[in-house]
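Q: Here is a sequence together with a model predicted from it:
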Amino acid sequence: MNSIQKKIWALAAVVLFIMVAIWITLTYYNQKTQDQYNDILQRYLRMNEVTTASQMTVTALNNYLQTPNKLNLAQLDWSKEQIRKARLEVIDLRNADNDFALTNYMNLIDSLVETTDRSLMFRSEKETEDSEKAFSEATRISKYISDMTLTLLDTELKTYDRFYRGIIEQSTEMKKMGIWLLLLITFLLMLFTYWFSLSITNPVQKLTQAAKELSRGRFDLQIEVQSNDEISFLAKMFDRMRININNLISEIQQKAQLENELQQSKLLLQESQLRSLQSQINPHFLFNTLDTLSKKAYLEGSEETSDLLASVAGLLRYNLKRLDRSVTLYDETKVLKMYMEIQKTRYTDRLRFLVSIDESCLYVQIPGLTLQPIIENAVIHAIEPSEDGGTIWFRVTDGGDRVTIEIEDDGPGMPELKIMQILKEYPVETEGHSTGIGFSNVVKRLRLFYAEEQIIDIESFPGGGTKVILNIPKTRAVEKVDKASDRG
Amino acid sequence: MRKTVIFLIGFACVVLFYFTFSSAAKVFRSDWQLPRTSAKDQAQYRLVLITQELGTPFWDKVGAGAIEEARKTGASIEVWGSYGKNQEDFLKKIEIAIDSRVDGIIVQGLDTDEFKSLTKIKAAFYGIPIITVANDVPMADSLRRTYVGSNQFLAGQMIARQLIADMGKSGTVILLGDSRSEYYQTQRLSGIDDVLKDYPNVHKQYAVTPDSREEVISATQDLMNRTPDVNAFVAVNANFADAMIQEIGRRSRVEPYHIYSFDDSKDTLKLLKKGKIDGMIEQSPETMGKVSVSLMIKWLSGKMVPLDTDGYLTDIRMLKGSDVR
């Protein structure tokens, strides 16, 4: 990650690098110039040295000729040594222009030394006149050396004229370059700093803009920051926060909607409860009346009527139980039998009801009022329209882990379409139901109760009767549903 | 707005880059180096040409010829000397040359004792060969190896013959010479004499004068006063011609006089072109330079030992006024 700190470091490094580069270049340049100046000065100094040394030699020779003692001789030797050294140094000054003059110059120095020696020799041989002559020659040569030095210096100046002018030009150019460089660096830094500050402030600005949008409540705008520093990290986090908020809000909205629906259904429930309470008054009065009638009929010796009335009362009582409460198959068959007794009374010989029950299966849990509507359906469609009546079979058989309940009639059968409608749980308009509960309702409740689709099956042929098969598991797959419905 | 600012700054940067780098290129240019010691080998022979009359066309040509020849043969040569016949300076230059142990000295002869002592004693002491050029000094006096230049005697004869041809066989002629009576002048005079002695009707008036302009003028004045019937002038020392003619011109017209001189002065050719001089002896200065250098090198390399002590003569010819106009 390219952090802001890194950027600052980079800027500082660039500035530092530029400064160091300039410093090194200038130091190098300075050193070079200095060396060159030294070279030039050295040349002049060396030539001047020759002049000085030659003059010293002549003076020493003169001193020695005047007063020939050891000290003066030593002085003379020393100065001769000096001039030899100077001669050696002068060799280095040779170049194309002063080649000739320099050779002459060096030969002049040799001549001087030679003449000096000659003068000394004559002196030692007591030939004073020759010695004097040689001395005067040495003096002249020394003068020539001085002259030659000047000539050489002059040549030097001519030779290096362009060079010296070049140096001057360069130093003025150097000043100019300094100004240009200063301006260049200023502008470069301006550009750099601008770019650098932009790279920091731009994302911040974007972030600010995004924050503003968020504060206005617009959560759908994506926050995009095209940098790769802390700001972009911040922006990413911000974006994630925005998405989370967005999700939370939609969740809350969903919940609110749900709650709203719940509220409505609660209201409906309350209303329906009120209705059922209202409607319960009559049934209780009806039970009591029916009970009284049953007792009365019994007392009057009409036992059959009494039983019938008791059946009707029992059926009513059962019906008034809550629908969503589970009951055992035993209860359900009992009620079924009661219902069939009533129906038998009605249809007498026309209704044949055949029951075969495996008693061991009666403990299974089954939602209340499921079998009765099916039987009722069979009665309505198979018995009622037929003059001869019909037969209804009710079988409970043990099928391993399941209990199979079959309700079969020999009526005209059910059209395919209707079966489909029932199985698909479409509300089917049926009339004349005592419980007011339709077939599809039963299907629905069964499926909900066992949380299975394949709980019910209908087999029917036109004219061949109808067979409703319930495959009820002995243990319920979803215990929870039962508990939930128990609580309800 | 922002983009414009960036663009401007960027543009400024580019411009400044250009200026900075062009400036830097100038500053750090590499022709900074001092001209180092020349790699070429030192010339085999170091020669010096010394003259008293630097800056005259005649000696410039001698110098040019010598330098050209030296370049061809790979010797190095320098032309030294004095201006305007400054003898002291001239002699000093010779002494410096000797003390500098040059390999050879080519010198304009000067017929003085100092010159002779330098060449005869000092140069001989160091074993430096000397060749005289243009103006000779006899070998016996100077111990020169040889002479390269015009035959001055012949030059004198040519002048005299031209004079006779122009003037006729009778008349008066003034010869103006140098009071130092240098060898080449005496040679010229004897050449003139050699011709004129056959013409008894030609009177010659020989005068000598120191070489300052005023003295030349006064000498001319004096001569013309003494010999008013003069017909011709010969400036034996070419340097006198200008002053002489100036004086003549002050008195009368110059044209009727027959005036002759030599070319070893910077004025004579100009005067000839102007028609003030009727004729002059033209020598071959460039050949002198070349021949002297080549002879010196031959001698030094031992290819030609000894040199002809009588000298190597270069061409001379009579240049008349009609030739240059």
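A: Nice, thanks for sending it over.
Q: All the strands of the chain, residue numbers only.
A: Assuming you mean chain A. Taking DSSP state E as the criterion, chain A carries its strands at A:326-328, A:351-357, A:365-367, A:390-399, A:402-409, A:456-460, A:466-473.
Q: think we crossed wires, I meant chain B
A: B:46-51, B:76-81, B:104-108, B:130-133, B:146-150, B:171-178, B:202-209, B:232-235, B:258-262, B:279-282, B:312-314, B:317-320.
Q: What pairs with the first one, parallel or antiparallel?
A: Using DSSP bridges, the neighbouring strands of strand B:46-51 in the sheet come out as strand B:76-81 (parallel), strand B:104-108 (parallel).
Q: can you count the residues close to the closest residue to A:Val355 other than its chain neighbours?
A: What sits nearest to A:Val355 in space, not counting adjacent residues and going by C-beta to C-beta, 6 or more residues apart in numbering or on different chains, is A:Phe394, at 4.9 Å. All C-beta atoms are positioned from the backbone trio N, CA, C, and that covers glycine. By the criterion of other C-beta atoms under 10 Å in any protein chain shown, A:Phe394 has 21 neighbours.
Q: thinking A:Phe394 is in contact with A:Ile407, fair?
A: Yes: with contact defined as C-beta atoms under 8 Å, A:Phe394 counts as touching A:Ile407 (5.7 Å).
Q: Now do the shared contacts for those two.
A: A:Leu371, A:Ile375 (C-beta atoms under 8 Å, 6 or more residues apart in numbering or on different chains).
Q: just to revisit the earlier point, adding mean pLDDT and mean neighbour count as columns, could you present the strands of chain B in TSV?
A: Listed next are those as TSV, based on pLDDT from 0 to 100; neighbours: other C-beta atoms under 10 Å in any protein chain shown:
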stretch	mean pLDDT	mean neighbour count
strand B:46-51	92	26
strand B:76-81	89	21
strand B:104-108	91	28
strand B:130-133	91	28
strand B:146-150	90	28
strand B:171-178	88	22
strand B:202-209	87	17
strand B:232-235	90	26
strand B:258-262	89	26
strand B:279-282	89	25
strand B:312-314	90	19
strand B:317-320	87	16
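Q: Enumerate every residue touching A:Pro415.
A: Taking C-beta under 8 Å, 6+ apart as the test, what A:Pro415 contacts is A:Pro462.
Q: one step back: adding distance to B:Val254, write the strands paired with strand B:46-51 out as a markdown table.
A: Formatted as a markdown table, the strands paired with strand B:46-51 follow (distance: least, C-beta to C-beta, whole Å):
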| stretch | distance to B:Val254 |
| --- | --- |
| strand B:76-81 | 32 |
| strand B:104-108 | 30 |
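Q: Please enumerate the helices of the chain.
A: Using chain A. A:4-66, A:70-91, A:99-124, A:128-159, A:161-215, A:230-299, A:303-320, A:329-347, A:371-378, A:416-423, A:439-450, A:479-487 (DSSP state H).
Q: let's do chain B instead
A: Under DSSP H, chain B gives helices at B:2-27, B:57-73, B:87-99, B:113-117, B:124-126, B:139-142, B:152-167, B:183-196, B:213-226, B:241-251, B:268-274, B:285-300, B:321-324.
Q: avg pLDDT for the fifth one?
A: Mean pLDDT, computed over helix B:124-126, is 87.
Q: Touching that helix from outside, list them.
A: Helix B:124-126 is touched from outside by B:Ile98, B:Arg101, B:Leu143, with contacts defined as C-beta under 8 Å, 6+ apart.
Q: list the contacts for B:Gly84?
A: B:Gln52, B:Glu53.
Q: cool, and B:Ala165?
A: Neighbours of B:Ala165 in contact, by C-beta under 8 Å, 6+ apart: none.
Q: Distance of it relative to B:Val195?
A: Look at B:Ala165 and B:Val195: by C-beta to C-beta, to the nearest Å, they are 11 Å apart.
Q: what residues do those two have in common as contacts?
A: Between them, B:Ala165 and B:Val195 share no contacting residue, judged by C-beta under 8 Å, 6+ apart.
Q: Looking at the stretch 201-325 of chain B, which residue is nearest chain A?
A: B:Val293 (14.4 Å; C-beta to the nearest C-beta).
Q: Now do the same contact list for the residue lying closest to that residue once chain neighbours are set aside.
A: By the measure of C-beta to C-beta, 6+ apart, the closest residue to B:Val293 outside its immediate chain neighbours is B:Glu69, 4.1 Å from it. By C-beta under 8 Å, 6+ apart, B:Glu69 lies in contact with B:Gly289, B:Lys290, B:Val291, B:Val293, B:Ser294.
Q: repeat for A:Val443
A: Counting by C-beta under 8 Å, 6+ apart, A:Val443 has contacts A:Ile422, A:Leu423, A:Glu425, A:Ile456.
Q: ok, now with 6 Å
A: A:Glu425, A:Ile456 (C-beta atoms under 6 Å, 6 or more residues apart in numbering or on different chains).
Q: the bottom helix or strand of chain B by mean pLDDT?
A: Lowest mean confidence among the helices and strands of chain B (mean pLDDT, DSSP states H and E): helix B:321-324, at a mean of 76.
Q: Can you tell me which helices and strands that one packs against?
A: For helix B:321-324, the packing partners by 3 or more C-beta pairs under 6 Å, 6 or more residues apart in numbering or on different chains; DSSP states H and E come out as helix B:268-274.
Q: tell me which residues of the helix it packs on are tucked away?
A: Within helix B:268-274, the residues scored as buried using 16 or more other C-beta atoms under 10 Å in any protein chain shown are B:Thr268, B:Leu269, B:Leu271, B:Leu272.
Q: For the stretch 151-300 of chain A, what lies in contact range of chain B?
A: Contact residues (C-beta under 6 Å from any C-beta of the partner chain) of the stretch 151-300 of chain A with chain B: A:170, A:173-174, A:176-177, A:180-181, A:183-184, A:187-188, A:190-191.
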